[in-house]
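Visitor: build the 3D model from these lines:
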Amino acid sequence: MISPSTLSNPPTIYNPYLTPDNFPITAVTDWTLGGIGLQDPSQGLQVQNWYLEIRPNGFSGDFYISTSTIAPIYLFSRVNATWCRLAFDQNMFPIISYVDQYGAGYYWYDPVAHAYAFVIMDSTVTYPCVTMDDKRSIPTRVGSNDVILAYINNNNLCYRQQRDRYGTEYILQVNVGNYIPNPTLWRIGMNSGNRLQFELHGNLWQ
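Guide: Presented below is the predicted three-dimensional model:
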């Protein structure tokens, strides 16, 4: 959970990302730390590294997750998929943010409906990223951790959180483009200082 819904002051404090958030990623691949198996949090959320990839399949992209000990598992397909990021909730259900022919969206397990759901976000949203903010056992046990869904919206750095069922948008920084030209939110995750960190890139030639 981000509290009090603001960035650090100064916002340029940096520490290396924890493994595997420090691994190289692309627009169509991602890594996150997770449990022993899907829907199996029995050994906690810090057991092994999980890999997400989009595999081209005609006009569609097939989403697969795997580990060094678990063969690739097919999750779903999206037409013209060009972006993906991976996290797990406290019960090891995956939440995946993506961009497809409809724009930005996310896939999550809705515990009220007891079913997975695809949610299409506003057309102004770009570069959606997800992470469990604190995967350690005590925050998980007491329910103080959260899955964070962050993105750029109308040039602002924004986020939503699991405890709100992703229904409320919070603005962390307005007018990000005033500091970074054509900003891209590349990844979010916990750093070695136990702070949630947002990595943004810029593009002078967009």
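Visitor: find the helix or strand that R141 is a member of.
Guide: Here R141 sits within helix 137-142, counting by DSSP states H and E.
Visitor: which SSE is immediately downstream of that helix?
Guide: strand 147-153.
Visitor: which of the residues in the helix holding R141 are buried?
Guide: By 16 or more other Cβ atoms under 10 Å, the buried positions in helix 137-142 come out as 139-140. Quick note: C-beta positions are derived from backbone N, CA and C, even for glycine.
Visitor: so the nearest residue to S66 once chain neighbours are set aside versus L86, what's the distance?
Guide: Excluding the flanking residues, the one nearest S66 by Cβ to Cβ, 6 or more residues apart in numbering is P72, at 4.2 Å. As defined by Cβ to Cβ, to the nearest Å, P72 lies at a distance of 13 Å from L86.
Visitor: what helices or strands is the longest strand seen in the chain leaning on?
Guide: Longest strand in the chain, counting residues (DSSP state E): strand 48-57. On a contact count with 3 or more Cβ pairs under 8 Å, 6 or more residues apart in numbering; DSSP states H and E, strand 48-57 meets strand 29-34, strand 60-66, strand 83-88.
Visitor: okay, the ones you listed, which one's buried deepest?
Guide: Compared across those, strand 83-88 shows the largest average neighbour count, a mean of 26 (mean count of other Cβ atoms under 10 Å).
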